[in-house]
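Trainee: quick one: sequence and predicted model below, then my questions.
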Amino acid sequence: MDTTLSDLGRAAAFHTDSSRVTRQDYLHEVEHMRERVARLEQTITEAIKLASPELQQVINDLQALRGIADISAVTIAAEFGQVSRFDSARQLMGYCGVVPSEDSSGKRTRRGGITKTGNALLRRIVVEDAWSYRRPPGIWYGLRRRQETISEEAKEIAWKAQHRLHKRYIKLGAAGKDQRKIVTAVARELLGFIWAIGTRAETISWQQVAA
């Protein structure tokens, strides 16, 4: 059985009335936030049903990827608008501001940190999702459940992403790179897989409408 923050709070021993009152206040706040999250998730679920078939397909298929559950998928799909408007994964990476900046002088080109231009919300979401690739490839219960409605082709792309991005994470770590730079590099490559799955999902949706 999973141990929640509320369980730990109730199990903890407090020896004064004031500390017990404070604990109860904190527990009430935890329950309040949990209920609020549940309401927000339900609102998002209802909103997805009102979205276009194309957007619904993208939201569904993006959840084949490790680290991208419903809220991340909705945010990513909504911010893109239409994934196929980007001609390449590289263009999408530039839109999110995760490509290295360049300083050209004569025949020399120096690469600096990421540009951080473009969509800051998308960049933050994808970087957060990229942290999950520090763990070895695997399909646990939550991901397996999300993938029940997803095509084998999308799942195959997501499985390749797990192997490639974890390998990338380990390689950069072994080279002594800073953790933030590692995760940003992984996020940049994750966008490539997001582009692949997103454009494929849109194509499938258009074909179904035309059929």
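Mentor: Good, I have the coordinates.
Trainee: remind me which helix or strand the closest residue to I71 other than its chain neighbours belongs to.
Mentor: What sits nearest to I71 in space, not counting adjacent residues and going by Cβ to Cβ, 6 or more residues apart in numbering, is I44, at 6.4 Å. C-betas here are computed from N, CA, C, even on glycine. Assigned by DSSP states H and E, I44 belongs to helix 17-50.
Trainee: so what's the gap between that helix and the chain middle?
Mentor: Helix 17-50 sits 22 Å away from the centroid of its parent chain (Cα atoms, centre = their mean, to the nearest Å).
Trainee: quick one: buried residues of that helix?
Mentor: Neighbour-count burial for helix 17-50, counted by 16 or more other Cβ atoms under 10 Å, picks out I48.
Trainee: and the residue nearest to I71, what does it touch?
Mentor: Going by Cβ atoms under 8 Å, 6 or more residues apart in numbering, I44 touches D70, I71, V74.
Trainee: show me how the protein divides into domains.
Mentor: By the assignment in automatic domain parsing, the chain contains the domains 18-50, 52-210.
Trainee: gap between the closest residue to V186 other than its chain neighbours and L65?
Mentor: The shortest distance from V186 to any non-neighbouring residue, by Cβ to Cβ, 6+ apart, is to A130 (4.3 Å). Using Cβ to Cβ, to the nearest Å, A130 is found at 10 Å from L65.
Trainee: any shared contact partners between those two?
Mentor: Common contacts of A130 and L65 (Cβ under 8 Å, 6+ apart): L190.
Trainee: ok, these two, which is more surrounded?
Mentor: Looking at A130 and L65 with other Cβ atoms under 10 Å, you find the greater number of neighbours at L65, namely 30 against 25.
Trainee: now the more buried one: phi and psi?
Mentor: phi -80, psi 140 (degrees, to the nearest 10).
Trainee: for the chain, what helix or strand is lowest in average pLDDT?
Mentor: Of all helical and strand segments in the chain, the minimum by mean pLDDT, DSSP states H and E falls on strand 108-114, at a mean of 51.
Trainee: just after it, pick out the following helix or strand.
Mentor: helix 120-130.
Trainee: which strands or helices does that following helix pack on?
Mentor: Helices and strands touching helix 120-130, by 3 or more Cβ pairs under 8 Å, 6 or more residues apart in numbering; DSSP states H and E, are helix 70-80, helix 89-96, helix 179-210.
Trainee: restrict it to CA atoms and write it as PDB.
Mentor: Extracted in PDB, the C-alpha atoms of helix 120-130 (Å, rounded to 0.1, in the frame of the first residue of the first chain):
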ATOM      1  CA  ALA A 120       9.100  29.500 -22.000                       C
ATOM      2  CA  LEU A 121       6.100  27.400 -20.700                       C
ATOM      3  CA  LEU A 122       6.800  24.600 -23.200                       C
ATOM      4  CA  ARG A 123      10.500  24.700 -22.400                       C
ATOM      5  CA  ARG A 124       9.800  24.300 -18.700                       C
ATOM      6  CA  ILE A 125       7.300  21.500 -19.200                       C
ATOM      7  CA  VAL A 126       9.600  19.500 -21.500                       C
ATOM      8  CA  VAL A 127      12.600  20.000 -19.200                       C
ATOM      9  CA  GLU A 128      10.600  18.700 -16.200                       C
ATOM     10  CA  ASP A 129       9.400  15.700 -18.300                       C
ATOM     11  CA  ALA A 130      13.000  15.000 -19.300                       C
END
